[in-house]
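[1] Quick one, fold the following:
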Amino acid sequence: MQNPFKKMGPATLVAAAFIGPGTVTACMKAGAGFGMSLLWALLLSGGMTILLQETAARIGLITQEGLASVMRNAIEKKWLKILLSWGILTAILGGNTAYEAGNINGAILGLEALFGPDSLVIYPFVIGGLAAILLGFGSYKTLEKFLIGLVVLLSGSFLITAILVGPSMVALIKGVVLVQFPKDSLFTIMALIGTTVVPYNLFLHAALVKEKWQQPSDLSALRTDTKIAVSIGVLVSMAIVITATALPKDSLKSVLDLAEGLAPLYGSFAKIAIGIGLLSAGITSAVTAPLAAAYVVNNCFDLGLKATHWGFKAISLVILALGMCSLLLNYTPISVIVFAQIANGIILPVLVGLLFWLGNNQKMLGKHTNSKTKNILFGIIFIISVGLSIKTLVSVL
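    The predicted structure is shown next:
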């Protein structure tokens, strides 16, 4: 019997990256505050993510280079190259460093839901140690297999809890197909889109694709991989929204409350499932965020390091270590977070514009440029990305 996971590729790591503690929190708030009325926003964000990730991965496959390197090489003016490189570094490296503590903490909450708070003091070292082993000693194939396993685990966990909640099928279908804007929901809608369309995933996907595929003939497999993986991620996000509708809005102060609140209603199995989901989501993000940062640093400074090189691994381990220190000291400089949020807010529409430009570069991609339909969709996505940027800047300034 053929292994159904054998053909899964780097897009699964993208799904693993965006289903992190931030996504769980955003979806939980959406479900608790607005029921299933905002599921359409996740469907929209899934379509956006598929288009952007496919374009980034296609560029990576055809050129066999990282996205940051391709962008730098395509720009002729030196000052623009420098500005773009530092902009990407600030947004991706700064953002991933600032949020790594949250990724680790998400996994810790999963352990707490499963095993209780008695061993809370050792949980950070369990998660940090596991992430360090994977980043320091794991090959691409090891990482891919491990993260695919976690994606399957967290998908099953959140989908099971959504089924246990027993949502109204009419409300569910209505939430998916009808575009609704309940009162005070705009920022939540933008958060749902923003937590799915993640800038660093574009660089991660483009870099990882050459580990799996090298020929233009692999484009079909790449596209299928992207569509399936992102669709799974969106389904999981929808499942979290549905699960959160079972509890009163005021009872959800943190993601751990989701696990605690479901236990009296649906039994201990629901709490275990949520705990497994939180643990898996936290670990996947705690591993992929430093990995993406290492690829970006490698590309922006044109270091030419392979993923197996000790220098490459050292970069990812430094990001992990900074996240661990921030968590253990209970200190994440607010100025760093705000700066990272501003940088990410500005960089998203810039990246969308650059992907549009590169995706139509016939000299670089030959016959594999964007179709007219994709270009129209890029225009729509650019407008939405500007809206996301404005939302981010308004929330932090």
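
[2] quick one: buried residues of the helix or strand bottoming out on mean pLDDT in the chain?
    One helix or strand of the chain scores below all others by mean pLDDT, DSSP states H and E: helix 255-266, with a mean of 75. Buried residues in helix 255-266, counting neighbours by 16 or more other C-beta atoms under 10 Å, are found at 255-262, 266. The C-beta positions use only the backbone N, C-alpha and C, and glycine is treated the same way.

[3] can I get those in JSON lines with distance to residue 22?
    Formatted as JSON lines, the buried residues of helix 255-266 follow (distance: C-beta to C-beta, whole Å):
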{"residue": "255", "distance to residue 22": "10"}
{"residue": "256", "distance to residue 22": "15"}
{"residue": "257", "distance to residue 22": "16"}
{"residue": "258", "distance to residue 22": "14"}
{"residue": "259", "distance to residue 22": "17"}
{"residue": "260", "distance to residue 22": "20"}
{"residue": "261", "distance to residue 22": "20"}
{"residue": "262", "distance to residue 22": "21"}
{"residue": "266", "distance to residue 22": "25"}
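
[4] how close does the closest residue to residue 364 other than its chain neighbours sit to residue 57?
    Of all residues not flanking residue 364 in the chain, residue 63 sits nearest, at 6.5 Å (C-beta to C-beta, 6 or more residues apart in numbering). Residue 63 sits 11 Å away from residue 57, going by C-beta to C-beta, to the nearest Å.

[5] Those two: which has the busier surroundings?
    residue 57 (30 against 19; other C-beta atoms under 10 Å).

[6] Residue 222 is in contact with that one, correct?
    Yes: in terms of C-beta atoms under 8 Å, residue 57 counts as a neighbour of residue 222; the distance is 5.5 Å.

[7] Common neighbours of these two, please.
    11, 209 (C-beta atoms under 8 Å, 6 or more residues apart in numbering).

[8] quick one on the thing from earlier: show the model's pLDDT score for the residue nearest to residue 364.
    Note on residue 63: pLDDT of 94.

[9] for residue 335, same thing?
    For residue 335, pLDDT reads 62.

[10] Equivalent analysis for residue 196, please.
    89.

[11] which one is it nearest to, not counting chain neighbours?
    residue 45 (3.8 Å).

[12] thinking that neighbour is in contact with residue 189, fair?
    No: judged on C-beta under 8 Å, residue 45 makes no contact with residue 189 at a distance of 9.4 Å.

[13] which residues does residue 198 contact?
    Taking C-beta under 8 Å, 6+ apart, one finds 17-18 in contact with residue 198.

[14] Check what contacts the least confident helix or strand of the chain and list those residues.
    Under C-beta under 8 Å, 6+ apart, the answer for helix 255-266 is 21, 24-25, 28, 106, 109, 112-113, 161, 164-165, 243-244, 246-247, 251-252, 270-271, 274-275, 278.

[15] now do 6 Å
    With contact meaning C-beta atoms under 6 Å, 6 or more residues apart in numbering, helix 255-266 is reached by 24-25, 28, 109, 113, 164, 247, 251, 270-271, 274-275.

[16] go on, stretch 180-194?
    26, 30, 34, 37-38, 41-42, 45, 388, 391.

[17] just those now: which is nearest residue 133?
    residue 26 (29.4 Å; C-beta to C-beta).

[18] what stretches of the stretch 251-397 of the chain score poorly on pLDDT?
    Within the stretch 251-397 of the chain, the stretches with pLDDT under 70 are 251, 264-265, 331-341, 396-397.

[19] hey, where'd the helices end up in it?
    Secondary structure of the stretch 251-397 of the chain (DSSP state H, counting those that start in this stretch): helices at 255-266, 268-300, 310-328, 334-359, 362-365, 372-396.

[20] closest to residue 227 out of those?
    Among these, helix 372-396 comes nearest to residue 227, with 13.8 Å by C-beta to C-beta.

[21] The closest one: how far from the chain's middle?
    Helix 372-396 sits 17 Å away from the centroid of its parent chain (C-alpha atoms, centre = their mean, to the nearest Å).

[22] CA atoms only for stretch 99-119 - export them in CSV, please.
    Extracted in CSV, the C-alpha atoms of stretch 99-119 (Å, rounded to 0.1, in the frame of the first residue of the first chain):
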residue,chain,number,x,y,z
TYR,A,99,7.5,36.0,18.6
GLU,A,100,9.6,32.9,19.3
ALA,A,101,8.8,33.1,23.0
GLY,A,102,5.1,33.0,22.2
ASN,A,103,5.6,30.0,20.0
ILE,A,104,7.4,28.1,22.8
ASN,A,105,4.8,29.3,25.3
GLY,A,106,2.0,27.9,23.1
ALA,A,107,3.6,24.5,23.2
ILE,A,108,4.0,24.8,27.0
LEU,A,109,0.2,25.5,27.3
GLY,A,110,-0.4,22.3,25.4
LEU,A,111,1.7,20.4,27.9
GLU,A,112,-0.1,22.1,30.8
ALA,A,113,-3.5,21.1,29.4
LEU,A,114,-2.2,17.5,29.0
PHE,A,115,-0.2,17.0,32.2
GLY,A,116,-1.2,19.8,34.5
PRO,A,117,0.8,22.7,36.0
ASP,A,118,2.9,20.6,38.5
SER,A,119,5.9,20.3,36.2
